[in-house]
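Asker: Sequence and predicted model, in that order:
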Amino acid sequence: MLYELLSLFILIAVCYNLVQTSVFVPIRDKMVIFDVGGCSYKSTIAKKIAEKFGHKHISIDKLTYKDNWVRRTQEEFRTGLLNEIQLSDKYVIEGAFEDIKNPERETLMRDVVIPNSDIAIYFSVPKSVSLVRKLMRSCKRRLGLEYSDVAHESLKNIKEMIMKTINHYDARKKHLDEVFDEMDQTKLMKIDFPNYPLVK
């Protein structure tokens, strides 16, 4: 059954790829890549930038969670994020713009992280695309074909992630779109699906 589901997800992904067009991500010293909440390729692109151009890769997930998905306190998250920004001259930060369980993240992203960057890029994908990619990623991780930066994903973690996407993604995306439009556009860039971000 798992292999049948994986085959279905791969077929859907191939169909998505047929309609995608490529957009190159501009490279700056201080970069932020953010999305609504997962599977927009922000981590993949951030790692490529770090490997190719020598940026420090700063993962919001790693600052949010300890091992085995144990959540850090808001103070630990704030201190960790601010330290990373202050101690690094060349970095790429990637993560979701806001966090349902930590409202301060949005404030820090909007008022501190993005204003202190040279460019902030919003990878915007619809719920259907995010959901398919999350299901594919979870299947690959369960099969040992891909690994999480934080910890192994249990079936409980996967179920919670999928349900959160189904129940909250549309509202979160609507909110982020509105916030994005209200921010100073000087340093901002938005890459909408079906555009696919690439690194030269």
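Answerer: Arrived safely. Numbering: from 1, shown residues only.
Asker: For the most centrally placed residue in the chain, give the beta-bridge partners.
Answerer: Residue closest to the mean C-alpha point of the chain, counted by C-alpha atoms, centre = their mean, is Gly95 at 4.1 Å. When bridges are called by DSSP bridges, Gly95 pairs up with Phe34.
Asker: can you pull the contacts of Asp99?
Answerer: Residues near Asp99 by C-beta atoms under 8 Å, 6 or more residues apart in numbering: 64, 105-106. To be clear about C-beta, it is placed using only N, CA and C from the backbone, and glycine gets the same treatment.
Asker: picking up where we left off before, surely the residue nearest to the centre of the chain touches His57?
Answerer: No. Assessed by C-beta atoms under 8 Å, Gly95 is found out of contact with His57, at 11.1 Å.
Asker: circling back to that earlier point, please indicate which of the contacts of Asp99 are buried?
Answerer: Buried subset of the contacts of Asp99 (neighbour count, 16 or more other C-beta atoms under 10 Å): 64, 105-106.
Asker: List the ones among the residues you listed that fall in helices.
Answerer: 64, 105-106 (DSSP state H).
Asker: so what's Thr21 bridging to?
Answerer: Beta-bridge pairing for Thr21 (DSSP bridges): Asn195.
Asker: Strands along this protein, start to end?
Answerer: Secondary structure of the chain (DSSP state E): strands at 21-24, 30-35, 56-59, 91-96, 119-124, 188-192, 195-198.
Asker: Nearest to Leu135, out of those strands?
Answerer: Closest approach to Leu135 among the strands of the chain is made by strand 30-35 (16.8 Å; C-beta to C-beta).
Asker: Identify all contacting residues around that closest one.
Answerer: Contacts of strand 30-35 (C-beta under 8 Å, 6+ apart): 25, 42, 45-46, 49, 55, 89-97, 109, 113-114, 116-125.
Asker: ok and it relative to strand 91-96, angle-wise?
Answerer: Interaxial angle of strand 30-35 relative to strand 91-96 (axes from the mean of the first three to the mean of the last three C-alpha atoms, to 10 degrees): 10 degrees.
Asker: sorry, back to before: what's the distance between the residue nearest to the centre of the chain and Leu143?
Answerer: 25 Å (C-beta to C-beta, to the nearest Å).
Asker: Give me the below-cutoff pLDDT ranges for the protein.
Answerer: Applying pLDDT under 70 to the chain flags residues 1-20, 145, 149-152.
Asker: other SSEs contacting the longest helix seen in it?
Answerer: Among the segments of the chain that qualify as a helix by DSSP H, the longest is helix 155-182. Judged by 3 or more C-beta pairs under 8 Å, 6 or more residues apart in numbering; DSSP states H and E, helix 155-182 is in contact with strand 119-124, helix 127-142.
Asker: Mind listing the strands the shortest one pairs with, and their directions?
Answerer: Strand pairing for strand 119-124, using DSSP bridges, gives strand 30-35 (parallel), strand 188-192 (parallel).
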